[in-house]
Every structure is written in C-alpha cells, then in structure tokens.
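> Dropping the sequence and predicted coords here.
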Amino acid sequence: MLVAALAGLLLLIVGLLVIRPLLGGTDQGQTAPPPATADAAPTTTLAQLIGPSTSVTASGAAAGSAKDPFKPLVSTGAAAAAGSGAAATPGGGSTTERQVVLISIRGGTAKVTVDGKAYSVTEGESFAGSYRAVDINSECASFESATTAFTLCEGEAVLK
C-alpha cells in the first residue's frame, strides 16, 4: 500500500513538471526580453579563441613553424605525389614517404606491407629499413619510423 502511494506521488510530481510547461505556465519572476525595434541594429559579441598551441611571435622565423589548424593534413597535390613515393613539404622541397599498411594480426605477428612489399613482424622487430614494431595487440599495432611513432589497426594505411 505504501509503495502504491509513493508511486502515485511520484507520477503526480513528474506530471506537474512535464505537463505544466506544455500548458503555457510561466514563472512570474521571469521577464520576457524587450522587443526588438526596426531602427535598432543587432549587436554581436565575438569571442576570440586562442588555442593552447597558438602563440603570437614577433620573429618571422618562429612564425613559419606554426601549423595552420584549418589547413587540410592531406592535400590533393600530396595525395598525387604519394603514389610516386614523394610528398611536398610546407617549406618547399620534398620528403620520401612510404605507404605502410597493416594487413592483419595473427598470434602476435603483424602482416605489414611497405610500398606493396609484404613483411611478417613481431614486437621489437625492425623491417623495411627504418620501421620497428613496438607493440602488437589483437587488432592494432604501434610502430616507429625513423622520425615518428604511429599506430595502425587492421586494414588501415598511413604515409610515413
């Protein structure tokens, strides 16, 4: 009997909280915003957001090393050059990048291709000259190239 009374009270409270706003009930303490006039120009306040990696420098040399967060990571020119093994770098010139694909992982061994050449590697093993398998899990593996570390899951590819 007590449970039924508490359930009824709970339904009443929920009903009042849900249905009252739907019926147009408003709090008397709230005031509506003043109506806009045709003569008044809308004002907008814009906040300037500065990310933690953005800095303002007076030096021209330091300003050239900042990354543009709105610039695509892969451009169509870089994608076309990737097929030939070279990609354009922001400062001009080119760097040789190789396509690394994680084909599959079975029993702690990762099957990887580098520019189409297949390798079977285990943790700690170096392959394709400048790559090393750091950690091999059941679906993903972490690798190191001569310059950076990267992680691939089965079926993923990267230019490194």
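That came in fine, so what should we check first?
> Could I get the average pLDDT for stretch 125-134?
The average pLDDT within stretch 125-134 is 93.
> Regarding the protein, what is its longest helix?
Identified as the longest helix of the chain according to DSSP state H is helix 2-22.
> This structure: helices as residue ranges?
2-22, 60-63, 76-82.
> packing partners for the longest helix of the chain?
In terms of contacts (3 or more Cβ pairs under 8 Å, 6 or more residues apart in numbering; DSSP states H and E), helix 2-22 is not packed against any helix or strand. Quick note: C-beta positions are derived from backbone N, CA and C, even for glycine.
> Report the rounded mean pLDDT for that helix.
pLDDT averaged over helix 2-22 gives 84.
> same check, this time on stretch 100-109
94.
> what's near enough to touch Ala110?
Contacts for Ala110 were tallied using Cβ atoms under 8 Å, 6 or more residues apart in numbering; they are Leu102, Ser104, Ser120, Val121, Thr122, Ala133, Ile136, Ala141.
> In CSV: those, plus neighbour count and distance to Ala157.
Formatted as CSV, the contacts of Ala110 follow (neighbours: other Cβ atoms under 10 Å; distance: Cβ to Cβ, whole Å):
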residue, neighbour count, distance to Ala157
Leu102, 23, 8
Ser104, 12, 13
Ser120, 13, 17
Val121, 19, 16
Thr122, 12, 21
Ala133, 22, 16
Ile136, 21, 17
Ala141, 24, 13
